[in-house]
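> Quick one, structure for this:
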Amino acid sequence: MSSIHRAETFPANTPAASQIFTTVLSHGPLTRLEVARRAGLSPAAVTKAVRPLIEAGYLVEDADEPARPALGRPANPVRVDGGRALFIGIKVTGDEVIAVLTDLCCRIRVARHAPLPDREPKRVLASVAELAGELLAEAGDSGVPVLGLGIAVSGDVDRGAGAVRYSPFLEWRDVPLAELAAATTGLPVTVDNDVRALTVAEQWFGAGVGLSDFAVVTVGAGIGCGLVVHGRVVAGAHGVAGEIGHVTVDPAGPPCHCGNRGCVEAIAGDAAIVRRIRETTGVEVADTAEAVALAHRGVAGAREAYARAGEAIGRGIATVANLLGPERVIISGEGLAAYDLFAEQIRDAFGAAAFGSAARCDVQTRPLPFEEWARGAAATAIQSFIRADDQHQNR
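Here you go, the predicted model:
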């Protein structure tokens, strides 16, 4: 596998130093004084931490503008050199593998897609290795090192162990994916739940920058939720925090694959909507695209299925708002292609079910292409590389 990748240790070897770098990564360029204020650290601590980061090429000082006076300390802003390192992010779906090559600022440079005819772990690993090899070859042409690989998978994922405990779409149980992928690719590997990975990307590089408490709700084949509480992505004691897809919103509703009835996912997931339309219209709808087309043509049963889905999603989001009081909820996922069919119901159900000031939560929609899921995986690899207090990677 031709590539440029090597073991490299990030020079920020304390939690405070990695926090300083993360602050510049998300908010920069910033002067040292601005970094100190945002990070809640002393200017002296910032100056001490910034020096080795500049020497190693991870931060650069912008000296083009006249320096602003800052009590004897350099006032030139510092920023992350995105071209200093590259990372690979891979999203595995039930029928496709999507891979991206990003820089240190998680900007996508190259994207690759490959069909997944077989979900057996060895075949999936072969596809992962093939796409990673293609991206490593691209990186080799640039001469910039690849310092990590992130893989995002739906379901119950133990990031600390690098294992997929259960993925219903892949039909996997207890697959040590990080260990296997590291052996196959030779890269440090981080494996995480796909919605949590997307949440990391939104926290550091997207609509969650600067927020200490927010949620990402994804709509599509499943209903997922990533949570950021007090500035940290929450996984929970068992790795399944944020499973609003399995919050019951209608005890008499349809059965869910989890064993319960009336879960948000059993009403608002793509398969549930298609099934509902078939039942109410008698039309043998093949997939989501046909379901959306039917609803856009005004077929009552199809529109009712989407309205019902919107109500379930709105109540699920209200549950998150009531429990955690986030500043913002970001709705994303491939299901947003049908957002116009259930947006009103989401808003109405959220407003009715959110308690008191929880209803003031800023609910935003953020349509994202599938490459963004892979970008989220790359974000987890970047996070593992630079955070000394949160090293969840296999070397």
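
> Quick one: the helices in the stretch 251-395 of the chain, in order.
For the stretch 251-395 of the chain, the helices defined by DSSP state H, counting those that start in this stretch cover 264-268, 270-281, 288-296, 300-324, 339-353, 371-386.

> got these as a markdown table, with distance to P121 columns?
Where you see a C-beta, it was placed from the backbone N, CA and C, and this is true even at glycine. Formatted as a markdown table, those follow (distance: least, C-beta to C-beta, whole Å):
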| stretch | distance to P121 |
| --- | --- |
| helix 264-268 | 24 |
| helix 270-281 | 23 |
| helix 288-296 | 27 |
| helix 300-324 | 31 |
| helix 339-353 | 34 |
| helix 371-386 | 17 |
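
> nearest to A75, of the ones you listed?
helix 371-386 (24.8 Å; C-beta to C-beta).

> List the buried residues of the closest one.
Going by neighbour count (16 or more other C-beta atoms under 10 Å), the buried part of helix 371-386 is 371-386.

> about what we covered before: output the helices of the stretch 251-395 of the chain as TSV; include the columns mean pLDDT.
Below are the helices of the stretch 251-395 of the chain laid out as TSV (pLDDT from 0 to 100):
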stretch	mean pLDDT
helix 264-268	96
helix 270-281	95
helix 288-296	95
helix 300-324	95
helix 339-353	94
helix 371-386	96
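
> Out of the ones you listed, which gets nearest to A111?
Nearest to A111, of these and by C-beta to C-beta, is helix 371-386 at 4.9 Å.

> How far off centre is that closest one?
Relative to its chain's centre, helix 371-386 lies at 8 Å (C-alpha atoms, centre = their mean, to the nearest Å).

> so what does it touch, helix or strand wise?
Contacts defined by 3 or more C-beta pairs under 8 Å, 6 or more residues apart in numbering; DSSP states H and E place helix 371-386 against helix 15-27, strand 86-92, strand 96-103, strand 108-115, strand 146-153, strand 189-193, helix 194-205.

> In stretch 232-247, which residues are buried?
Under the neighbour-count criterion of 16+ other C-beta under 10 Å, stretch 232-247 has V233, A235, G239, V240, A241, G242, E243, I244, G245, H246, V247 buried.

> go on, stretch 342-360?
F342, A343, Q345, I346, A349, F350, A353, A354, A358.

> Just name the closest of those residues to P251, please.
A353 (15.2 Å).

> Which residue, neighbours along the chain excluded, lies closest to the closest one?
Nearest non-adjacent residue to A353, counting by C-beta to C-beta, 6 or more residues apart in numbering: A318, 3.5 Å away.

> List the contacts of that neighbour.
A349, F350, A352, A353, A354, F355, A358 (C-beta atoms under 8 Å, 6 or more residues apart in numbering).

> now do 10 Å
Applying C-beta atoms under 10 Å, 6 or more residues apart in numbering, we find A318 in contact with 244, 247, 249, 329, 346, 349-355, 358-359, 361, 363.

> and what of R366?
R366 neighbours (C-beta under 10 Å, 6+ apart): L198, E202, G206, A207, V216, I330, I331, S332, G333, L336, E372.

> Now for L170: which residues touch it?
Contact analysis of L170 by C-beta under 10 Å, 6+ apart lists V92, T93, G94, L116, R119, E120, P121, V124, V153, S154, G155, V164.

> Name the SS class of it, please.
When classified by DSSP: H, G, I helix; E, B strand; the rest coil, L170 comes out as coil.

> if we can go back for a sec, closest to W172 among the buried residues of helix 371-386?
Set against W172, the nearest of the buried residues of helix 371-386 by C-beta to C-beta is A377 (16.4 Å).

> Is the closest one in contact with K91, as I believe?
Yes: contact criterion C-beta atoms under 10 Å: A377 and K91 qualify, at 5.8 Å.

> Overlap of the contact sets of these two?
Residues touching both A377 and K91 by C-beta under 10 Å, 6+ apart: I98, A99, V100, G150, I151, A152, V153, D194, A197, L198.

> The second one: neighbour count?
Right, the one you point to is A99. With neighbours defined by other C-beta atoms under 10 Å, the count for A99 comes to 27.

> And the fifth one, by the same measure?
When neighbours are counted by other C-beta under 10 Å, I151 registers 33.

> For it, which residues count as its bridge partners?
I90, V191 (DSSP bridges).

> Tell me who's in contact with it.
The contact partners of I151, by C-beta under 10 Å, 6+ apart, come to 88-92, 97, 99, 124-125, 128, 132, 157, 162, 164, 177-178, 181, 185, 189-192, 194, 197, 374, 377-378, 380-381.

> closest one to V24 among the helices of the stretch 251-395 of the chain?
For V24, the closest of the helices of the stretch 251-395 of the chain is helix 371-386, at 10.8 Å, according to C-beta to C-beta.

> As CSV, could you dump the C-alpha coordinates of the closest one?
Included here for helix 371-386 are C-alpha records, laid out as CSV according to Å, rounded to 0.1, in the frame of the first residue of the first chain:
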residue,chain,number,x,y,z
GLU,A,371,-19.7,12.7,2.6
GLU,A,372,-20.3,14.6,5.8
TRP,A,373,-20.8,11.4,7.7
ALA,A,374,-17.3,10.3,6.6
ARG,A,375,-16.0,13.8,7.5
GLY,A,376,-17.4,13.2,11.0
ALA,A,377,-15.3,10.0,11.1
ALA,A,378,-12.3,12.0,10.1
ALA,A,379,-13.1,14.5,12.9
THR,A,380,-13.0,11.7,15.5
ALA,A,381,-9.5,10.7,14.2
ILE,A,382,-8.4,14.3,14.5
GLN,A,383,-9.8,14.4,18.0
SER,A,384,-8.0,11.2,19.1
PHE,A,385,-4.8,12.5,17.7
ILE,A,386,-4.8,15.9,19.4
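
> Residues touching stretch 347-360, excluding its own?
The list of residues contacting stretch 347-360 from outside it, by C-beta under 10 Å, 6+ apart, reads 249, 307, 310-327, 329, 342, 361, 363.
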